[in-house]
Structures are given as C-alpha cells and as structure tokens.
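Undergrad: kindly return the folded structure for what I paste below:
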Amino acid sequence: MTFPKLSIIIPTLNAQKVLSACLKSIKKQTFKKYQIIIADGGSTDKTLQIARKYNCKVIKNPLKTAEAGKMVALKKTSTKYVALIDSDNILPTKDWLQNNIDILESNPKLVGTEPISFTYRPNAGFIERYSALIGANDPYAFVTGVYDRQNHINYRWTGLKIDQIDKEKYIKIKLQPQKPIPTIGANGTIFRHSFLKPFLDTDYFFDIDIISRHLQSSKRSIFFAKTKQGIIHTFCESSVKKFIKKQRRRIVDYFSYQKLRHFNWSQTNQKSSLKFILYTLLILPMFIDMFIGFIHTPDPAWFFHPFACFITLFIYSTSTLKQKLGLLKGLDRNQWQQ
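TA: Next up, the predicted model:
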C-alpha cells in the first residue's frame with residue numbers, strides 16, 4: 001500500500017521539558033511516511049538539540065508565537081496532509097496517525113480529522129487530568145459551549161448544535177456558514193493541505209479563522225471527522241502557576257491580535273462572557289458540574305474546577321479592563337518556557 005505523505009508541524013519556544021515525549025510518540029507510529037517540521041521561535045534551552053536528535057527539519061519562526069510558527073511551516077510544505085501537533089502533545093497509541101490517514105484516504109469529502117477527546121491519564125498531573133475531564137484547556141470554553149473535546153459530565157464533545165453522523169470509527173460533522181463553530185484546529189488536528197492552501201496569505205495561522213474564511217468565501221458547508229481516539233495534552237501538568245501564565249497569555253494574545261483575526265468573536269463574546277460570569281459568581285452551577293463529573297469519573301482533580309473558573313474570571317476581567325483603559329501590554333516571549 002502506498003501511503004500519502006504527511007507533514008507534522010510542531011511550533012516550539014523553549015520546549016525542552018515536553019518535546020522529547022512528543023517526538024518519541026511520533027517515532028513509535030506504524031505510519032512512517034512523514035516529515036517533522038519544528039518551527040522554532042528562538043529557543044535558548046535544549047529544544048533544538050532535541051529536535052535534531054529526532055531528525056526533525058528545523059525552521060526559524062521570527063514572530064515567535066505558535067500561530068506564526070504554524071504559518072511559517074505551512075508555507076514551506078506541500079504534502080497531501082498536514083498534522084498540527086503541539087510540543088506538549090503525546091500520541092497515545094502506535095496506530096494513531098494511521099487511523100487518521102485511513103479515514104481521510106477513504107473519505108475524500110472530509111477536509112480534516114481531530115481526536116474527540118483529551119486522553120485521560122489517572123496518574124498524570126491534576127491540571128492535565130482536569131482539562132481531559134472537562135474537554136477543554138480553558139473553563140471559559142467549557143462553560144460557553146465552544147469546547148471541542150468530549151467531557152466527563154455529559155459526554156458531549158461540544159456544547160454547540162452541530163449536525164453529526166456516527167460512522168463507527170469517527171463522527172462525521174457538518175460545519176455550516178452562518179452557524180457557530182467549535183474551537184477545532186489544534187492539539188492533533190490533521191488537515192488536507194489543499195483545504196488550507198488558499199488561506200496561507202497571512203503571517204499567523206489561527207485555526208478557527210481558516211475554517212471561518214472557507215465557510216464565508218465558499219458559502220458551502222464542510223465536513224470534518226471527530227475520530228474516536230484521544231490525544232494526550234500535558235498542558236500545565238500540576239502547576240497552578242503555569243495555568244495562570246497560560247490563561248493570561250490566552251487573553252493578552254486575543255487582544256493583541258484581534259485586528260488580525262478573521263473570525264468575529266465579538267458576535268458571541270457579550271452573551272458568552274455574561275454566561276461565564278454568572279456561572280462563576282453564582283457558585284452553585286460550578287459545584288453541580290463538579291459533583292456530576294466526580295460521580296462519573298471519581299477524581300480529586302474535579303475540585304480544581306471552581307478555582308480554575310475564578311482564576312480565569314479574574315484574569316480575563318482585569319485584562320479586559322486594562323485593554324479598555326489602554327494599559328494592557330503585550331507579552332515578552334523571550335523568556336517563555338513551555
């Protein structure tokens with residue numbers, strides 16, 4: 001059997017703590033016809049040394065952010081498929097790539113695949129477990145329904161109303177123009193390069209923007225596969241400090257690159273923000289979800305949920321206020337560590 005070629009794109013910036021595990025899981029794959037492209041934002045640790053150890057192609061990412069790194073790499077590849085893997089991802093099974101490629105090869109109308117869940121590991125760090133349990137790295141995404149990974153509360157992979165058909169090995173979903181879109185596009189998403197090619201005209205790859213641009217320009221629906229397998233996202237492991245840092249980066253980047261974004265988040269932000277504020281301040285909704293989740297999957301990581309919500313509410317609200325007052329400063333990524 002002749003396998004299609006795949007480019008695995010991994011943006012990095014001082015990722016020595018997580019990159020080895022990521023690359024090791026890729027090298028164990030049964031599917032072998034791929035290249036790994038490391039788009040590095042100027043790492044000063046051992047990231048590049050690790051990348052070369054695993055025979056990765058390394059390219060420079062002068063704009064440093066993961067979104068810029070993805071775009072730099074995408075412009076330098078022409079393979080049939082492109083996998084967007086983050087440096088803190090681990091492929092949980094040896095046939096992970098093969099399963100995705102098989103689905104795409106046998107279904108030409110699908111523009112991409114994405115794992116339906118974050119793999120839950122009982123012995124992992126409690127914040128990694130918490131993210132796998134709620135199906136999101138950000139409680140705001142979970143509460144507002146735009147999450148794109150299966151949670152352990154109602155076992156849905158999104159809170160949005162999406163047309164979908166169960167195809168045994170995957171769920172075929174239909175994304176439509178003028179309809180809400182879940183946050184598809186990172187942590188193990190594989191795209192057809194032909195789908196992405198018309199939209200590589202910017203310096204940043206904002207995944208949901210690509211999907212939004214296609215829907216708006218073509219006025220036609222697209223089909224995606226949510227594969228019935230997970231992906232490990234070590235995320236913050238057990239570090240509350242790292243969680244705070246990443247939540248701050250998320251909101252600061254949102255405001256910093258807002259003018260460059262194609263997808264208009266402001267259309268939904270007002271109602272979504274109010275929903276998250278009430279959910280957090282009323283307290284009871286948080287505890288209801290926490291206890292339901294604990295009944296389904298008994299794990300003390302659930303007890304981080306109220307703290308995660310309050311931390312996120314504080315960071316997002318204070319950052320929004322600073323932005324409105326003109327006091328919000330962009331992040332200095334020179335000292336960033338994964």
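Undergrad: which residues in the stretch 1-150 of the chain form helices?
TA: Under the criterion DSSP state H, counting those that start in this stretch, the stretch 1-150 of the chain contains helices at 16-27, 47-53, 66-74, 96-106, 126-134, 139-144.
Undergrad: can I get the ones you listed in JSON lines with distance to residue 328?
TA: For every residue, glycine as well, the C-beta is placed using N, CA and C. Shown next, in JSON lines, are the helices of the stretch 1-150 of the chain (distance: least, C-beta to C-beta, whole Å):
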{"stretch": "helix 16-27", "distance to residue 328": "28"}
{"stretch": "helix 47-53", "distance to residue 328": "29"}
{"stretch": "helix 66-74", "distance to residue 328": "19"}
{"stretch": "helix 96-106", "distance to residue 328": "39"}
{"stretch": "helix 126-134", "distance to residue 328": "25"}
{"stretch": "helix 139-144", "distance to residue 328": "18"}
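Undergrad: now tabulate those in TSV and tack on mean pLDDT, mean neighbour count and distance to residue 90.
TA: Listed next are the helices of the stretch 1-150 of the chain as TSV, based on pLDDT from 0 to 100; neighbours: other C-beta atoms under 10 Å; distance: least, C-beta to C-beta, whole Å:
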stretch	mean pLDDT	mean neighbour count	distance to residue 90
helix 16-27	98	19	5
helix 47-53	97	18	14
helix 66-74	96	23	17
helix 96-106	97	19	10
helix 126-134	98	25	10
helix 139-144	95	24	21
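Undergrad: name the residues that touch stretch 246-253?
TA: Contacts with stretch 246-253, where a contact means C-beta atoms under 8 Å, 6 or more residues apart in numbering, come from 65, 137-138, 235-236, 311-312, 315-316, 319-320, 328-331.
Undergrad: for it, buried residues please.
TA: Of the residues in stretch 246-253, 246, 247, 248, 249, 250, 251, 252, 253 count as buried by neighbour count, 16 or more other C-beta atoms under 10 Å.
Undergrad: just give me how far the worst-scoring helix or strand of the chain on mean pLDDT sits from the chain centre.
TA: Using mean pLDDT, DSSP states H and E, the weakest-scoring helix or strand in the chain turns out to be helix 266-281, at a mean of 82. Its chain's C-alpha centre and that of helix 266-281 lie 21 Å apart, by C-alpha atoms, centre = their mean, to the nearest Å.
Undergrad: that helix: which residues count as buried?
TA: For helix 266-281, the neighbour count (16+ other C-beta under 10 Å) marks 272, 273, 276, 279, 280 as buried.
Undergrad: of those, which is the nearest to residue 105?
TA: Comparing the buried residues of helix 266-281 against residue 105 with C-beta to C-beta places residue 272 closest, at 37.2 Å.
Undergrad: contacting residues for the residue nearest to the closest one when sequence neighbours are not counted?
TA: Nearest non-adjacent residue to residue 272, counting by C-beta to C-beta, 6 or more residues apart in numbering: residue 144, 4.1 Å away. Residues in contact with residue 144, defined by C-beta under 8 Å, 6+ apart, are 159, 268, 272, 275, 276.
Undergrad: list the residues that contact residue 242.
TA: 127, 236.
Undergrad: circling back to that earlier point, looking at the helices of the stretch 1-150 of the chain, which is closest to residue 262?
TA: helix 66-74 (12.4 Å).
Undergrad: so what's residue 84 closest to, chain neighbours aside?
TA: Using C-beta to C-beta, 6+ apart and skipping the chain neighbours, the partner closest in space to residue 84 is residue 189 (5.0 Å).
Undergrad: and the residue nearest the centre of the chain, its phi and psi?
TA: Centre of the chain computed as the mean C-alpha position; nearest residue by C-alpha atoms, centre = their mean is residue 186, 3.3 Å away. Per-residue torsions, residue 186: phi -140, psi 180 (degrees, to the nearest 10).
Undergrad: now swap in residue 13 and tell me
TA: When read as degrees, to the nearest 10, the backbone of residue 13 gives phi -160, psi 100.
Undergrad: same question, residue 297
TA: When read as degrees, to the nearest 10, the backbone of residue 297 gives phi -140, psi 90.
Undergrad: what number of residues lie near it?
TA: For residue 297, the count of nearby residues is 16 (other C-beta atoms under 10 Å).
Undergrad: try residue 320
TA: Residues lying near residue 320 (other C-beta under 10 Å) number 16.
Undergrad: repeat that for the one 5 residues further on.
TA: Other residues near residue 325 number 8, with proximity taken as other C-beta under 10 Å.
Undergrad: for the one 5 residues further on, same thing?
TA: Here the count is done by other C-beta under 10 Å, and residue 330 has 10 residues near it.
Undergrad: helix, strand, or coil at it?
TA: For residue 330, the assignment made with DSSP: H, G, I helix; E, B strand; the rest coil gives coil.
Undergrad: so where's the longest helix in the protein?
TA: Of all segments of type helix in the chain, defined using DSSP state H, the longest is helix 305-324.
Undergrad: and the strand of greatest length in the chain, how far from the chain's centre?
TA: Secondary structure of the chain per DSSP state E: the longest strand is strand 222-233. Averaging C-alpha positions (C-alpha atoms, centre = their mean) puts strand 222-233 11 Å from its chain's average.
Undergrad: what does stretch 213-227 give?
TA: Centroid displacement of stretch 213-227 relative to its chain, using C-alpha atoms, centre = their mean, is 18 Å.
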